[in-house]
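Trainee: Sequence and computational prediction follow.
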Amino acid sequence: MKIHKAVTAMIVAGMMLLMFSLVGQAEASVIEKEGNPVQMVLTDWGGVSLNLQGQEKYFKVWERSTSNYTKINLSLTNIDSYDVDGRNLVYTISSGSSMDVYLYNLLTGENKTISRTFTAKRSVKICGDRIAWVDYGIGSGGIYIYNLTDGSSTSIRLQESKNIELALTDTYLAYIGHQNGINGVFIYNLQDGSTIVVNKSYGDKASLSMSDHRLVWAEGSGAKLPTGSFYNQVYGYAVANNALNEIWMYDISLGKLTQLTDNDSNDVQPWIWKNYVTWVQNLKGTPDIMLMNLDNSKIEKIASTDFYEVKPNIDYGYLAYITIKGNSADLTVLPLSGEDSSAPAETAAIKLFINDTQYFMNPEPYIKDGRTLVPMRRVFEVLGANVSWNEAEQSVTAIKGITEIKLNIGSKTAYKNGKPVELEVPAEIMASTGRTMVPLRFVSEALGCSVDWVGATRTITIDTGI
């Protein structure tokens with residue numbers, strides 16, 4: 001729940017907010033209207049969508065150069081997962097008592113069986129000459145990696161088979177898996193066979209995506225596997241009312257873990273391509289598509305209507321998403337705009353690091369009267385405090401252990417366990433978001449942290465000493 005609920009963002013009913021500076025509005029294209037797409041994978045030439053018909057699914061191909069959107073000549077079947085690289089389409093299906101992996105050439109129409117066994121197969125991925133999938137015939141569950149060039153294979157055996165997901169590049173295979181009851185994100189180096197443990201916690205993890213040396217995923221609570229309805233199959237989760245998920249990113253080259261979003265909303269279904277990350281944000285009950293530029297940390301809302309915008313995919317300079325309208329849906333593809341060299345340079349966003357982990361702020365910190373102001377709830381909650389808002393008093397209270405902090409909006413005096421603490425500038429409400437902003441140095445005074453500001457790089461570093 002946000003601080004200062006009296007100031008809230010207005011919902012513009014029925015109006016699509018297309019596009020902001022990152023996405024080109026003029027070339028936005030609804031590829032399919034009132035169809036049944038459940039997923040879109042973009043390619044350098046267009047993309048392939050998976051569509052639902054009754055209880056079965058089929059593929060359609062979108063050629064960007066001609067705008068043709070046609071069905072692939074394959075029988076309707078129970079397609080479980082798929083991926084595309086170049087003109088190669090790989091997919092898994094349930095066929096009688098077996099689960100098969102197929103490779104379909106989109107140019108020649110050749111459909112080749114890669115694996116046919118009596119074990120379940122999920123989350124198939126393809127990159128270059130490698131195909132990887134989750135195979136439940138490997139002990140309690142594992143990962144099978146097949147080389148298209150020489151037919152060789154490698155398998156990774158996992159301790160538990162629960163909710164395994166994959167992401168694949170030329171160099172790395174990332175996966176979500178369980179070890180000793182703890183959910184983790186792992187990276188397997190395809191060159192030397194080594195494994196990096198990125199993140200292990202009890203939080204649910206899902207929607208793993210990787211581009212070059214970066215990977216993203218959603219982490220939190222309240223998510224369940226999709227079942228039944230068209231809506232649940234597309235959205236990907238039957239989400240509990242109190243579900244809260246955040247988007248996390250790991251940079252393999254830097255060894256750095258970053259939290260991209262805060263916990264004020266339910267953020268799911270992330271996808272990364274180069275310096276862009278897109279995801280679904282469910283803040284007011286209707287999911288919207290968000291887009292972040294990692295170069296400047298700017299976050300923009302790409303699509304927001306009374307309907308449900310979900311299942312974003314970003315690749316090769318384009319972004320696709322699905323708009324659910326009852327029992328049907330629209331499939332939209334948008335181009336990312338190029339940089340305008342004639343436009344004035346944009347001031348870089350302020351970066352915040354807490355104990356060496358970067359956290360993106362919403363709203364972003366800003367400088368006023370020579371002082372850096374940060375969102376109080378976001379920073380204090382990351383530091384382990386509980387924050388509450390008193391509308392009648394226009395006051396904020398933060399409690400961590402035996403420490404209680406209280407301040408009033410507009411006042412330069414805060415109170416720590418009842419004793420006054422003078423602020424450099426008064427706390428204020430950011431009108432556009434309704435968030436309480438406090439001077440950076442107040443964090444140090446309130447919770448005893450070491451706080452450092454580097455103006456040259458616009459970087460805040462907070463060290464708790466832990």
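Mentor: Arrived safely. Residues are numbered from 1 along each chain as shown.
Trainee: Now the terminal residues of stretch 38-57, how far apart.
Mentor: Start and end residues of stretch 38-57 are separated by 9 Å (C-alpha to C-alpha, to the nearest Å).
Trainee: cool, and stretch 247-266?
Mentor: Using C-alpha to C-alpha, first and last residues of stretch 247-266 are 9 Å apart.
Trainee: Name the residues of that stretch that are buried.
Mentor: Residues of stretch 247-266 classed as buried by neighbour count (16 or more other C-beta atoms under 10 Å): 247-250, 252, 258-262, 264-266. Just so you know, the C-beta spots here come from the backbone N, C-alpha and C atoms, and that holds for glycine as well.
Trainee: Strands - which of the residues you listed land there?
Mentor: Ile247, Trp248, Met249, Tyr250, Thr258, Gln259, Asn266 (DSSP state E).
Trainee: so what's the second one up against?
Mentor: By C-beta atoms under 8 Å, 6 or more residues apart in numbering, the contact set of Trp248 is Asn199, Val216, Trp217, Ala218, Glu219, Leu257, Thr258, Gln259, Leu260.
Trainee: Break down the stretch 201-350 of the chain into its strands, ranges please.
Mentor: For the stretch 201-350 of the chain, the strands defined by DSSP state E, counting those that start in this stretch cover 204-211, 214-221, 244-251, 256-259, 266-273, 276-282, 288-293, 298-303, 308-315, 318-325, 328-335.
Trainee: for the stretch 1-150 of the chain, same thing?
Mentor: Using DSSP E, counting those that start in this stretch, strands in the stretch 1-150 of the chain cover 29-35, 37-42, 46-53, 56-63, 68-71, 78-85, 88-95, 98-105, 111-117, 121-127, 130-135, 142-147.
Trainee: Could you single out the most deeply buried of the ones you listed?
Mentor: strand 130-135 (a mean of 25; mean count of other C-beta atoms under 10 Å).
Trainee: now that one against strand 121-127, angle please.
Mentor: With axes from the mean of the first three to the mean of the last three C-alpha atoms, to 10 degrees defining the directions, strand 130-135 sits at 170 degrees from strand 121-127.
Trainee: which helices and strands does strand 130-135 pack with?
Mentor: For strand 130-135, the packing partners by 3 or more C-beta pairs under 8 Å, 6 or more residues apart in numbering; DSSP states H and E come out as strand 98-105, strand 111-117, strand 121-127, strand 142-147, strand 165-168.
Trainee: possible to save the contacts of Trp248 as a markdown table with pLDDT?
Mentor: Below are the contacts of Trp248 laid out as a markdown table (pLDDT from 0 to 100):
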| residue | pLDDT |
| --- | --- |
| Asn199 | 77 |
| Val216 | 96 |
| Trp217 | 94 |
| Ala218 | 90 |
| Glu219 | 88 |
| Leu257 | 89 |
| Thr258 | 88 |
| Gln259 | 86 |
| Leu260 | 88 |
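Trainee: ok, so of these, who is nearest Gly448?
Mentor: Closest approach to Gly448 among these (C-beta to C-beta): Gln259, at 22.4 Å.
Trainee: Near the nearest residue to that closest one once chain neighbours are set aside, how many other residues are there?
Mentor: In space, Gln259 comes closest to Tyr359 once its chain neighbours are excluded; the distance is 4.9 Å by C-beta to C-beta, 6 or more residues apart in numbering. Neighbours of Tyr359 under the rule other C-beta atoms under 10 Å: 19.
Trainee: Any idea what Tyr359 is bridged to?
Mentor: On the basis of DSSP bridges, Tyr359 is bridged to Gln259, Leu352.
Trainee: ok so, going back, let me have the strands of the stretch 1-150 of the chain in CSV, extended by distance to Thr332 and mean pLDDT.
Mentor: Output for those, formatted as CSV (distance: least, C-beta to C-beta, whole Å; pLDDT from 0 to 100):
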stretch, distance to Thr332, mean pLDDT
strand 29-35, 5, 89
strand 37-42, 9, 94
strand 46-53, 11, 93
strand 56-63, 11, 93
strand 68-71, 12, 94
strand 78-85, 18, 93
strand 88-95, 22, 89
strand 98-105, 25, 90
strand 111-117, 29, 92
strand 121-127, 24, 94
strand 130-135, 29, 94
strand 142-147, 33, 94
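Trainee: Export these as CSV, with columns for distance to Tyr366.
Mentor: As requested, the strands of the stretch 1-150 of the chain are exported to CSV (distance: least, C-beta to C-beta, whole Å):
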stretch, distance to Tyr366
strand 29-35, 36
strand 37-42, 35
strand 46-53, 39
strand 56-63, 41
strand 68-71, 44
strand 78-85, 41
strand 88-95, 47
strand 98-105, 51
strand 111-117, 53
strand 121-127, 41
strand 130-135, 44
strand 142-147, 45
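Trainee: now for those, which one comes closest to Asp204?
Mentor: Asp204 lies closest to strand 121-127 among the strands of the stretch 1-150 of the chain, at 16.0 Å (C-beta to C-beta).
Trainee: mind listing what that closest one pairs with, with the direction of each?
Mentor: Its sheet considered, strand 121-127 pairs with strand 130-135 (antiparallel) by DSSP bridges.
Trainee: Compute the inter-axis angle for the strand it pairs with and strand 142-147.
Mentor: Interaxial angle, strand 130-135 versus strand 142-147 (the same axes, to 10 degrees): 160 degrees.
Trainee: low pLDDT regions in the stretch 151-300 of the chain?
Mentor: The stretch 151-300 of the chain contains residues with pLDDT under 70 at 161, 202, 221-243, 263-264, 284.
Trainee: Please disregard the earlier target; I meant the stretch 351-466 of the chain.
Mentor: Applying pLDDT under 70 to the stretch 351-466 of the chain flags the ranges 456, 466.
Trainee: Swap in 90 and give it another go.
Mentor: Along the stretch 351-466 of the chain, segments meeting pLDDT under 90 span 351-385, 391, 412, 421-427, 429-466.
Trainee: quick one: the helices in it?
Mentor: For the stretch 351-466 of the chain, the helices defined by DSSP state H, counting those that start in this stretch cover 376-382, 440-447.
Trainee: now, of those helices, which is deepest in the fold?
Mentor: Mean neighbour counts for the helices of the stretch 351-466 of the chain (mean count of other C-beta under 10 Å) peak at helix 376-382, with a mean of 23.
Trainee: packing partners for that helix?
Mentor: If you count contacts as 3+ C-beta pairs under 8 Å, 6+ apart, helix 376-382 packs onto strand 351-354, strand 386-390, strand 395-400, strand 435-439, helix 440-447.
Trainee: again, 6 Å this time
Mentor: Where contact means 3 or more C-beta pairs under 6 Å, 6 or more residues apart in numbering; DSSP states H and E, helix 376-382 is packed against strand 386-390.
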